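A.B. asks: when you get a sec, could you give me coordinates for this:
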Amino acid sequence: MPDEPEVIGLQVLLILHAARATARMNPDGVLIPMEEQDRLLWDRDMIGNGLRLLVQARHRDRPGPYQLQAMIAGCHVIAARAEETDWARIVILYDALLAVAPSPTVRLNRIVAISMRDGPGVGLAMLAEATPDTLPDDHLLPATRADLLRRLGRSSEAETQYRKAIRLTSNGGERSYLRRRLSELT
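C.D. replies: Modelled structure (predicted):
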């Protein structure tokens with residue numbers, strides 16, 4: 001199915017994620033968030049290939065969930081520095097993704113994108129307004145709250161949320177990352 005836009009979208013998504021593989025974890029297996037990754041370690045040839053394929057898929061004008069996720073990943077990989085990420089565009093893409101593939105994780109990621117565009121206070125308010133059934137029921141929710149609280153300088157509240165996220169995750173790399181963030185608060 002080489003001409004199917006969603007197949008191409010999935011291929012692009014996999015390529016763009018694989019292009020960042022060497023920068024995603026430190027030698028001890030601890031997760032490195034995108035904003036802290038060494039972008040010089042990203043495979044620029046893979047990124048270029050992925051972006052060319054994404055243009056091909058977009059010409060078919062039938063964006064589905066994989067293409068939209070690939071476009072979001074594309075926004076991240078074209079930014080030379082984390083501060084240059086086009087969060088306004090990412091929010092628009094999450095709005096479109098939410099329309100075609102609504103899920104608690106997509107809603108949470110949209111809130112994160114809005115908080116990156118408009119500030120952590122906005123994101124925290126959106127989390128407070130959301131009903132529990134619309135957000136993930138796992139470690140991602142308290143981890144997100146913790147990060148927003150940390151960015152706002154509300155360390156004691158962030159600490160509580162980091163501890164909750166650590167208890168809820170079974171992924172060793174994520175747990176190590178959350179513990180690192182927690183230790184930075186104290």
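
A.B. asks: distance check, the nearest residue to R62 once chain neighbours are set aside against A101.
C.D. replies: Counting by CB to CB, 6 or more residues apart in numbering, R62 lies nearest to P5, which is 5.0 Å off, once chain neighbours are set aside. Every C-beta, even on glycine, is put in place using the N, C-alpha and C of the backbone. P5 is 15 Å from A101, where distance means CB to CB, to the nearest Å.

A.B. asks: again, but for M71
C.D. replies: In this structure, M71 lies at 13 Å from A101, with CB to CB as the measure.

A.B. asks: between the two, which has more neighbouring residues?
C.D. replies: Set side by side, M71 and A101 show more neighbours around M71, with 24 against 14, by other CB atoms under 10 Å.

A.B. asks: now do the SS call for the most centrally placed residue in the chain.
C.D. replies: Nearest to the mean C-alpha position of the chain, by CA atoms, centre = their mean, lies N109 at 6.2 Å. Taking DSSP: H, G, I helix; E, B strand; the rest coil as the rule, one finds N109 in the helix state.

A.B. asks: and the pLDDT at it?
C.D. replies: Per-residue confidence (pLDDT) for N109: 97.

A.B. asks: quick one: low-confidence parts of this structure?
C.D. replies: With pLDDT under 70 as the threshold, the chain has low-confidence stretches at 1-2.

A.B. asks: which ones are touching L108?
C.D. replies: Taking CB atoms under 8 Å, 6 or more residues apart in numbering as the contact definition, L108 lies against 135-136, 140-141, 144.

A.B. asks: which of these fall in helices?
C.D. replies: Those of the contacts of L108 mapping onto helices are 140-141, 144, per DSSP state H.

A.B. asks: would you turn these into CSV with neighbour count and distance to N49?
C.D. replies: Formatted as CSV, those follow (neighbours: other CB atoms under 10 Å; distance: CB to CB, whole Å):
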residue, neighbour count, distance to N49
L140, 19, 30
L141, 22, 35
T144, 22, 32
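
A.B. asks: hang on, the earlier thing: the residue nearest to the centre of the chain and V91 touch, don't they?
C.D. replies: No: no contact is recorded between N109 and V91 when judged using CB atoms under 8 Å, the distance being 10.1 Å.

A.B. asks: name the residues contacting each of these two.
C.D. replies: Joint contacts of N109 and V91 (CB under 8 Å, 6+ apart) do not exist.

A.B. asks: ok, the closest residue to A130 other than its chain neighbours - how many residues close by?
C.D. replies: When the adjacent residues along the chain are set aside, A130 lies closest to R107, with 7.1 Å between them (CB to CB, 6+ apart). Around R107 there are 18 other residues, counting by other CB under 10 Å.

A.B. asks: and for T186?
C.D. replies: 6.

A.B. asks: how about it: what's its closest non-neighbour residue?
C.D. replies: For T186, the nearest residue in space outside its immediate sequence neighbours is E159; the separation is 7.4 Å by CB to CB, 6+ apart.

A.B. asks: many thanks, have a good one.
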